[in-house]
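Trainee: One predicted model, sequence on top.
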Amino acid sequence: MKHFYMAWFLLASLPLPFAPKELASSLGRAAGWFPLVGLGFGLILAGIGWALYAFLPVGIAAVLVLAIWVALTGMLHLDGFMDSCDGLLPPREPARRLEIMKDSRVGAFGVVGGVLLLLLKFNALTALPAAQRLPALIVIPALARWAMTWAMARYPLARSGGMGKLFTEGLGWAQMLLATVITLAALFAGLAWPLALTLLVAAWLTTTLLARLALNRIHGLTGDVYGAICEAVEAVALVVAAGNIV
């Protein structure tokens with residue numbers, strides 16, 4: 001289970017008890033467990049959300065759930081989303097885009113993108129039907145981390161080094177299969193199959209569109225783009241679930 005502990009260590013700000021002193025050395029092989037980490041996040045969110053939605057107005061409960069959601073990752077993926085907005089959206093040369101994304105400072109595109117993302121998630125959380133609320137909170141974080149794993153396995157890197165390379169080293173189709181099995185089990189166990197299938201298609205489409213944007217703008221993906229994909233898939237999945245489309 002060293003690879004699972006490594007996956008949790010990479011994605012979560014909350015420490016796990018009984019973690020081994022030595023973690024797995026291959027970050028890519030840990031990627032197969034990313035959806036299970038997301039499922040852990042989802043169970044925490046659902047447990048806290050159950051109490052908050054029961055005793056507080058929906059809007060206040062949604063804000064607190066969203067704050068806990070962001071805190072569980074230490075803002076890792078949100079930071080990647082904002083950096084991706086700064087690098088991919090303004091008109092720049094590919095090399096300059098990569099420099100901007102590597103910069104720790106946040107520009108106007110990143111601020112506006114982050115605010116709009118959080119507003120979208122908040123409104124979706126308030127609009128979720130009561131019957132869908134807890135199941136959606138459980139499965140959507142897992143689905144988003146499956147999308148991140150798929151992007152890591154499917155698309156080339158924009159840089160020869162950096163965090164993106166560390167995440168993809170050792171990642172193969174065995175890890176992708178493990179991630180997919182975990183995600184499908186969570187989706188179809190937690191949700192009615194029409195909604196589960198719709199969420200899966202929406203996640204794949206969102207991942208494909210963002211990956212294509214990165215390929216066109218910087219000729220590959222980076223660690224920031226992986227984070228942006230995770231955040232975007234969560235937002236889109238929340239909107240689909242809240243819209244009661246199926």
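Mentor: Here it is on my side, so go on.
Trainee: Now the element after the helix-or-strand element of the chain with minimal mean pLDDT, going C-ward?
Mentor: When the helices and strands of the chain are compared on mean pLDDT, DSSP states H and E, helix 163-168 comes out lowest with a mean of 65. Once the chain leaves helix 163-168, the next helix or strand it forms, by DSSP states H and E, is helix 173-190.
Trainee: quick one: contacts of stretch 205-224?
Mentor: 79-81, 83-84, 87-88, 94, 97-98, 101, 147, 150-152, 154-159, 162-164, 167, 225, 228-229, 232-233, 236 (C-beta atoms under 8 Å, 6 or more residues apart in numbering). In short, each C-beta sits where N, CA and C put it, glycine included.
Trainee: and residue 86, how many neighbours does it have?
Mentor: When counting by other C-beta atoms under 10 Å, one arrives at 24 neighbours for residue 86.
Trainee: where does it land in three-state SS?
Mentor: helix (DSSP: H, G, I helix; E, B strand; the rest coil).
Trainee: thought it was touching residue 99?
Mentor: No - applying C-beta atoms under 8 Å as the test, residue 86 and residue 99 come out as separate, 10.5 Å apart.
Trainee: Okay, residue 232 and residue 62: tell me how far apart.
Mentor: According to C-beta to C-beta, to the nearest Å, residue 232 and residue 62 sit 19 Å apart.
Trainee: Walking through the chain, point out its helices one by one.
Mentor: Ranges of helices in the chain, per DSSP state H, are 2-11, 27-30, 34-55, 58-72, 76-88, 94-102, 108-127, 130-154, 163-168, 173-190, 193-218, 223-243.
Trainee: for residue 204, what are its contacts?
Mentor: 147, 150.
Trainee: Next one: it from residue 198, what distance?
Mentor: Distance from residue 204 to residue 198, by C-beta to C-beta: 11 Å.
Trainee: The residue of the chain most remote from its centre and residue 94: what is the separation?
Mentor: Farthest-out residue of the chain from its mean C-alpha position, per C-alpha atoms, centre = their mean: residue 55, at 28.3 Å. Remark: distance between residue 55 and residue 94 (C-beta to C-beta) = 51 Å.
Trainee: Also residue 85?
Mentor: Following C-beta to C-beta, the distance that separates residue 85 from residue 94 is 16 Å.
Trainee: Ok, residue 213 next?
Mentor: Residue 213 sits at a distance of 12 Å from residue 94 (criterion: C-beta to C-beta).
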